[in-house]
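In: My questions are about this predicted structure, shown below with the sequence.
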Amino acid sequence: MSTVNLAVLDAALAYIAAHPEQHDQRHWIVRGPDCGTAMCLAGVVAWQAGWAPEWSTGFSDNVNGNAWMDTADVTRDGKIRLVSSLAAELLGIGWRDADRLFAPDNTLADLRRIRDELAERAL
């Protein structure tokens, strides 16, 4: 039986649906000159749990003027965690499900489909 925390996943998916301009599944976090900040699903899960990007770990710049994190670290209360590991823990999923959910080519429709599959397994 799965221990997936559907409430956490549903909250993240609801946020992404309400703010599609803030979703970029390819990068844990990206800041563009015009579009603001966008996060992947794992980033949204961590952010909603009170974790923030560890900006001091550095950025890369691409030709479009966007900046994204070189490392996928988040911080809270002086602790630093890898965003994918933290999000998987908060969601109550293992690495196989995390790999599926956090894949860079997932659309919102893909994320919802995977969510439904996880919910079915939990029954």
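Out: It's in.

In: average pLDDT for the helix of greatest length in the chain?
Out: The longest helix of the chain (DSSP state H) is helix 108-122. Helix 108-122 shows a mean pLDDT of 94.

In: what's the host helix or strand of Asp99 packed up against?
Out: Using DSSP states H and E, Asp99 sits in helix 95-101. Contact partners of helix 95-101 among helices and strands, from 3 or more Cβ pairs under 8 Å, 6 or more residues apart in numbering; DSSP states H and E: helix 41-48, helix 83-91, helix 108-122. Backbone N, C-alpha and C define where each C-beta goes, glycine included.

In: Pull the residues that contact the second one.
Out: Meaning helix 83-91. Under the contact criterion Cβ atoms under 8 Å, 6 or more residues apart in numbering, helix 83-91 has outside partners 4-5, 8-9, 28, 41-43, 45-46, 49, 51, 72-74, 94-95, 97-98, 101-102.

In: let's see 7 Å
Out: With Cβ atoms under 7 Å, 6 or more residues apart in numbering as the test, helix 83-91 has contacts from 4-5, 8-9, 28, 42-43, 45-46, 49, 51, 72-74, 95, 98, 102.

In: Write the PyMOL selection for whichever of those are buried.
Out: Here is the PyMOL command that selects the buried residues among the contacts of helix 83-91 (16 or more other Cβ atoms under 10 Å):
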select buried, resi 4+5+8+9+28+42+43+45+46+49+51+72+73+74+98+102
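
In: Buried residues of stretch 17-24, list them for me.
Out: Here stretch 17-24 shows 22-24 as buried, counting by 16+ other Cβ under 10 Å.
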